[in-house]
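[1] Predicted model follows, preceded by the sequence.
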Amino acid sequence: MRFLPDDLEVQAGEGETILEIAARAGIVLRGACGGDGTCGRCLVLLKNGAVRDRDGDVIAEPGTALRACRSYPVGDPVIEIPQTSRLAEHQVLTGEGEDGLLGAGASDTGAADDPLLARVRLSLTPPEPGGIPDDWGRLQAALAGRTGQPVNADLAVLCDLPAVLRAEAGAVTVDLGLESGPGAKVVTVRAGHTAAPAYGVAIDLGTTTVVVELVELEQGRTVGTLGTYNRQAAYGDDVISRIIYAAERPGGRRQLQEAVLDTVNSLIGELGRRHGISPEEIRVAVCAGNPTMTHLFLGVDPAFIRLEPYTPAANFWPLCRAGELGLFLHPRAPVHVLPGVASYLGGDITGGVTVSGFGAGGEVTLFVDIGTNGEMVLGDGDWLVGCACSAGPAFEGSGLSSGMRASEGAIEQVGISAGGFEVVYRTIGGGPPVGICGSGLIAALAGLTRAGVIDRAGRFVPGLETPRWRRTAAGEEFVLAWGRETGHHQDIVLTGADIQNLLRAKAAIYAGVRSMLAAVGLEQDQVARILIAGGFGRFLPLRDAVAIGMLPDVPRQRYAYVGNASLQGARAALLSRRRLAMIEDTARKLTYLELGEGTGFMEEFTSALFIPHTDLSLFSSAREEGAYADRGGR
Ligand code: FES
């Protein structure tokens, strides 16, 4: 079959949907519902030929719009994939030091003090009578003498060892893989003393985006960083839909593993091309991700993550080799995966918390990473509690009528005049708007409240006199941008259902914070520092996020933005065994709080469903700023 406008010809496999065939061809569709046929985001057009649906009915009418996840090719059809159905490139947070809307926090990713791969140059004396009787014994003794720790190797290293040791009169360069504890393992031995530096990669395995940082290990210098969307997005927007896909589709787990490996490999390949470094020269990797992403990356069954009592296959993962995973590095390169704590608190958080300056000086600190899950940790360094709450994909623009991810054309900032007559907005890239992303949604919600368009329960105030408010067959809605202004000539709206969806998302995050505070008997005023992590945090309109009751109302200077803490954690471990040990220590120390029935979370959640909350005394400064009027709601 053929895909347009890419003009790609692909051989369809037995029983494969068009969505799966496209994904195999490198065209990633927006499979928000994981192929359930319910989201309608994967629409494609039949240009020529025929397809069949799940019931076997054949469709041969050119111009028919099809759900790619429910359609199968018949013969060799031609399918057009519209831009709106593709997963667009979007803003990917690639590392630290980027200016966000909040002040930057102090992270300790540090220099290379003891990287997880050591390049050792040795000059071995020739074998002699009465000396060490074998080649491996000679090398092992020399390495142990240099590094002060026991060294071992796989059989594959020994296969060519005799010739390698003799090729340059005993001069060899050995790459040694290290862990947080004692012991080292040979990755490669080559003849001669190479002056070339050793490289490693830090990998942030995000549900939505994946980022790879290529690092020169001896100096701790970043060679380049690249990020892109996670190709798993073709199989569902959030972790739950991907777990279901992996569990219920034949070969689903393997498909998801291949999708994320393809994503990582394409980034490594591109970094290598740009910087003239062969992937073979990359000798170690450290990955950080949430537990579902980690399971899928390693090919481990994630099914029990979503079933009570929510048990992951592992929190601490064994070291594996790039070759056994299918990672595009030296095949014997060790791959470390940062440890997690529970089914919804993974190595992205333990790594991020450890390197973000959390608890510096013994201050009570709150670390918040907002994505489809809100993951948070509270503590002072000596004690740590953490939790995760499902915010849903609303802040990533999914499940909303005009929602989209933070990519070109997304409304990212909104201002609304009193009564809702005037709307000003800013888009990513400055062009005409095509949707609204998370930061824009928070600003819109705050703006609509300040302007008196919605009440504190998120309902449209009756009798609004603005053409922007209207009632349709599907309910009430507010027009943020008219079709004449937009890139697709359709109005961009926020419906009553969208607003309720957003209220649930913001309530989940605030209720998570409140539940943790309650668990340790603290009030929000006692939190000295709030560290915001993650790509979304970079563009978070803090004043609006507080005004809608998503984040605690404390002096703004207590907030700091720490960037992509997951990537920073992976990088820090890559460059330092000591920091890897600290991350492992964080994972062991952290007490996980399950937010379910009987924990008080649901009561907190219900109170937080209002703007900003049922208890206005928690948001006194936002109230003084005039963020909302005391009417409506409760
Ligand atoms: S309808 Fe096809 S992926 Fe949702």
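    Done, it's in.
[2] Below-threshold pLDDT in the stretch 301-450 of the chain: ranges please.
    Counting by pLDDT under 70, the stretch 301-450 of the chain has no low-confidence residues at all.
[3] What are the boundaries of the helices in it?
    Listed in chain order, the helices of the stretch 301-450 of the chain (DSSP state H, counting those that start in this stretch) span 322-325, 347-355, 438-450.
[4] Tabulate these in CSV, adding columns for distance to the ligand and mean neighbour count.
    Where you see a C-beta, it was placed from the backbone N, CA and C, and this is true even at glycine. Below are those laid out as CSV (distance: least, Cβ to the nearest ligand atom, whole Å; neighbours: other Cβ atoms under 10 Å):
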stretch, distance to the ligand, mean neighbour count
helix 322-325, 27, 17
helix 347-355, 26, 32
helix 438-450, 21, 27
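[5] wait, Leu574 sits on Pro115?
    Yes: Leu574 is within contact range of Pro115, at 6.5 Å (criterion: Cβ atoms under 8 Å).
[6] Quick check: neighbours shared by these two?
    Gly200, Leu217, Val284 (Cβ atoms under 8 Å, 6 or more residues apart in numbering).
[7] Helix or strand next in line after the helix or strand hosting Asp204, which one?
    Using DSSP states H and E, Asp204 sits in strand 199-205. Later in the chain than strand 199-205, the nearest helix or strand by DSSP H and E is strand 209-216.
[8] in its sheet, what does that next one sit against?
    strand 199-205 (antiparallel), strand 221-229 (antiparallel) (DSSP bridges).
[9] doesn't Leu448 make contact with Asp455?
    No: assessed by Cβ under 8 Å, Asp455 is found out of contact with Leu448, at 9.8 Å.
[10] which bits of the stretch 51-200 of the chain sit near the ligand?
    Residues of the stretch 51-200 of the chain found near the ligand (Cβ under 6 Å from any ligand atom) are Arg67, Cys69.
[11] between Leu574 and Pro115, which one's more packed in?
    Neighbours per residue (other Cβ atoms under 10 Å) separate Leu574 from Pro115, with Leu574 holding more: 27 against 23.
[12] you'd agree that one is in a helix?
    Yes: assessed by DSSP: H, G, I helix; E, B strand; the rest coil, Leu574 belongs to a helix.
[13] any idea how far Val341 is from it?
    From Leu574 across to Val341, the span is 21 Å (Cβ to Cβ, to the nearest Å).
[14] can you give me phi and psi for the residue nearest to Leu445 when sequence neighbours are not counted?
    Distances taken as Cβ to Cβ, 6 or more residues apart in numbering place Ile548 nearest to Leu445, at 5.0 Å, with adjacent residues excluded. Dihedral pair for Ile548: phi -90, psi 0, per degrees, to the nearest 10.
[15] go on, Val187?
    For Val187, the backbone dihedrals are phi -100, psi -50 (criterion: degrees, to the nearest 10).
[16] swap in Ser607?
    According to degrees, to the nearest 10, Ser607 has phi -70, psi -30.
[17] Name the nearest residue to it, ignoring sequence neighbours.
    Using Cβ to Cβ, 6+ apart and skipping the chain neighbours, the partner closest in space to Ser607 is Thr614 (4.4 Å).
[18] And what about that neighbour, helix, strand or coil?
    coil.
[19] in the stretch 51-200 of the chain, which ranges drop under the pLDDT threshold?
    Applying pLDDT under 70 to the stretch 51-200 of the chain flags the ranges 88-112.
[20] Swap in 50 and give it another go.
    Within the stretch 51-200 of the chain, the segments meeting pLDDT under 50 span 90-91, 93, 95-106.
[21] Now do the strands in it.
    For the stretch 51-200 of the chain, the strands defined by DSSP state E, counting those that start in this stretch occupy 58-59, 65-67, 72-80, 117-123, 151-152, 171-178, 184-191, 199-205.
[22] could you dump these to TSV with mean neighbour count?
    Shown next, in TSV, are the strands of the stretch 51-200 of the chain (neighbours: other Cβ atoms under 10 Å):
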stretch	mean neighbour count
strand 58-59	13
strand 65-67	18
strand 72-80	18
strand 117-123	17
strand 151-152	17
strand 171-178	22
strand 184-191	21
strand 199-205	29
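[23] coming back round to it: what is the burial count for the residue nearest to Leu445?
    Applying other Cβ under 10 Å, we find 32 residues neighbouring Ile548.
[24] Identify the residues contacting it.
    Contacts for Ile548 (Cβ under 8 Å, 6+ apart) come out as Ile442, Leu445, Ala446, Thr449, Lys506, Ile611, Pro612.
[25] and if we set it to 6 Å?
    Neighbouring residues of Ile548 by Cβ atoms under 6 Å, 6 or more residues apart in numbering: Leu445, Ala446, Lys506, Ile611, Pro612.
[26] what separates the third one from Ile436, distance-wise?
    Between Lys506 and Ile436 the distance, using Cβ to Cβ, works out to 15 Å.
[27] Tell me which of the two has more neighbours.
    Using other Cβ under 10 Å as the criterion, Lys506 and Ile436 rank with Ile436 on top: 30 against 26.
[28] Find the residue closest to that one in space, skipping its chain neighbours.
    Using Cβ to Cβ, 6+ apart, the closest residue to Ile436 is Ile411 (4.2 Å).
[29] I'd guessed that neighbour sits against Val423; true?
    No: between Ile411 and Val423 there is no contact under Cβ atoms under 6 Å: 9.5 Å.
[30] Of these two, which one has the most company?
    Of the pair Ile411 and Val423, Ile411 is the one with more neighbours under other Cβ under 10 Å, namely 26 against 23.
[31] ok, what's across the strand from that one?
    Counting by DSSP bridges, Ile411 forms beta bridges with Thr427, Ile436.
[32] go on, the one 5 residues further on?
    Listed by DSSP bridges, the beta-bridge partners for Ile416 are Val423.
[33] Tell me, how many residues neighbour it?
    Using other Cβ under 10 Å, Ile416 is surrounded by 25 other residues.
[34] With adjacent residues omitted, what lies nearest to the residue of the stretch 301-450 of the chain found nearest the ligand?
    Closest to the ligand within the stretch 301-450 of the chain is Ser398: 10.6 Å, counting by Cβ to the nearest ligand atom. Leaving aside its chain neighbours, Ser398 sits nearest to Asp237 (4.8 Å; criterion: Cβ to Cβ, 6+ apart).
[35] Would you check that His336 makes contact with Val284?
    No: taking contacts as Cβ under 6 Å, His336 lies outside contact range of Val284: 7.6 Å.
[36] Need the pLDDT of the residue most central in space within the chain.
    The residue lying closest to the centre of the chain (Cα atoms, centre = their mean) is Gly206, at 2.1 Å. Gly206 is assigned 92 on the pLDDT scale.
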